[in-house]
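1. Model the following, please.
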Amino acid sequence: MGGRPAKGGGRWVTVPPERLRRWADGFAGRHGPFEVTGDRGVVLLTARDGGRAELHVPFPPLAADPPPGGGEALFEALVEHALARRSVGVVLVRMGGYAAGVFHGGDLVVSKVGSRLVQGRSAAGGWSQQRFARRRQNQAGQAYDAAGETAARVLGPHLDRLDAVVFGGDHRAVDALRADRRLAPLFALEAEPFLTVPDPRLAVLRETPAAFRAVRVRVTDPA
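-> Presented below is the predicted three-dimensional model:
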């Protein structure tokens, strides 16, 4: 069955929007017929054997109020919402590397990647630890400034058309950008999930729609 263990029980799985109906059919095959309930943030499938699946709405809330009583209409509303072709900005930052891009649906419209040297350890001989730490701090500051400038330059012209901005890379690196006033309009559109990715390269950036478009599902098997 796979999946990542969920705090409090169950496991997390991610389902591409295009496979939601097939995934629900598989859930019914494993657990039997299910009831659909929920709201604009979470759609809940409850099977007769006690199995449960919490489908967390991507880019919440649902565009429209849930149909009264839930049921198949609510599930279909989730599918349509997840399949929508949104304009999404992506900013990835790690120590010394960054990438920024704008996607329409799964298509990358514009992008820029870059890197700056940030030493990972002190050089042998001659350098005091304090002097090395100051130099590394300065290098990191320059790298974050370059990342912020790139994000503002790439996403800024598309700001009025963006539905959301997704950040990723390293949490500490992204947090370091929050004080950059140029990026305040981007953080105002911040949406989950946070994308934990390796060094931000163009190939990594191109793969991010598989993560930010997916529906996160918490599955709990019957006791």
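2. tally of neighbours for the closest residue to Leu159 other than its chain neighbours?
-> Distances taken as CB to CB, 6 or more residues apart in numbering put Pro185 closest to Leu159, at 5.7 Å, once the chain neighbours are dropped. The way it works is simple: take the backbone N, C-alpha and C, and place the C-beta from them, glycine included. Neighbourhood size, Pro185 [other CB atoms under 10 Å]: 15.
3. sec struct for Pro185, please.
-> helix (DSSP: H, G, I helix; E, B strand; the rest coil).
4. In terms of pLDDT, where does it sit?
-> We have a pLDDT of 97 for Pro185.
5. same deal with Arg19?
-> Reading off the model, Arg19 has pLDDT 97.
6. quick one: the nearest residue to Arg86 once chain neighbours are set aside from Glu72, how far?
-> Distances taken as CB to CB, 6+ apart place Asp163 nearest to Arg86, at 4.2 Å, with adjacent residues excluded. Shown here: Asp163 relative to Glu72, a distance of 26 Å by CB to CB, to the nearest Å.
7. Which one of those two is surrounded by more residues?
-> Neighbour count, other CB under 10 Å: between Asp163 and Glu72, Asp163 has more, with 14 against 10.
8. Please identify which helix or strand holds the spatially most central residue of the chain.
-> For the chain, Pro193 is the residue whose C-alpha lies nearest the centre (CA atoms, centre = their mean; 2.8 Å). Using DSSP states H and E, Pro193 sits in strand 190-195.
9. quick one: contacts of that strand?
-> Under the contact criterion CB atoms under 8 Å, 6 or more residues apart in numbering, strand 190-195 has outside partners 59, 88, 90, 92, 164-169, 171, 174, 208, 211-212, 216.
10. avg pLDDT for it?
-> On average, strand 190-195 scores 96.
11. which neighbours does that strand have in its sheet, and in what orientation?
-> strand 164-169 (parallel) (DSSP bridges).
12. Domains in the protein, by residue range?
-> The chain breaks down by automatic domain parsing into domains covering 4-84, 87-211.
13. any chance you could map the strands in this structure?
-> 4-5, 11-15, 34-38, 42-47, 52-56, 87-94, 97-104, 107-115, 164-169, 190-195, 215-220 (DSSP state E).
14. Those strands: lowest mean pLDDT?
-> Of all these, the minimum mean pLDDT falls on strand 4-5 (a mean of 88).
15. just checking, what packs against that one?
-> strand 11-15 (3 or more CB pairs under 8 Å, 6 or more residues apart in numbering; DSSP states H and E).
16. Quick check: buried residues in the strand it packs on?
-> Using 16 or more other CB atoms under 10 Å as the test for burial, strand 11-15 gives 13-15.
17. Equivalent analysis for stretch 149-168, please.
-> 149-152, 154-155, 162, 164-168.
18. how long is that stretch end to end?
-> 16 Å (CA to CA, to the nearest Å).
19. again with stretch 44-51
-> Start-to-end span of stretch 44-51 (CA to CA) is 11 Å.
20. and if you look at stretch 46-55?
-> Stretch 46-55 end-to-end distance (CA to CA) = 11 Å.
21. Distance from that stretch to the middle of the chain?
-> 25 Å (CA atoms, centre = their mean, to the nearest Å).
22. what do you get for stretch 160-170?
-> In terms of CA atoms, centre = their mean, the centre of stretch 160-170 is set 8 Å apart from its chain centre.
23. got it, and stretch 28-37?
-> 28 Å.
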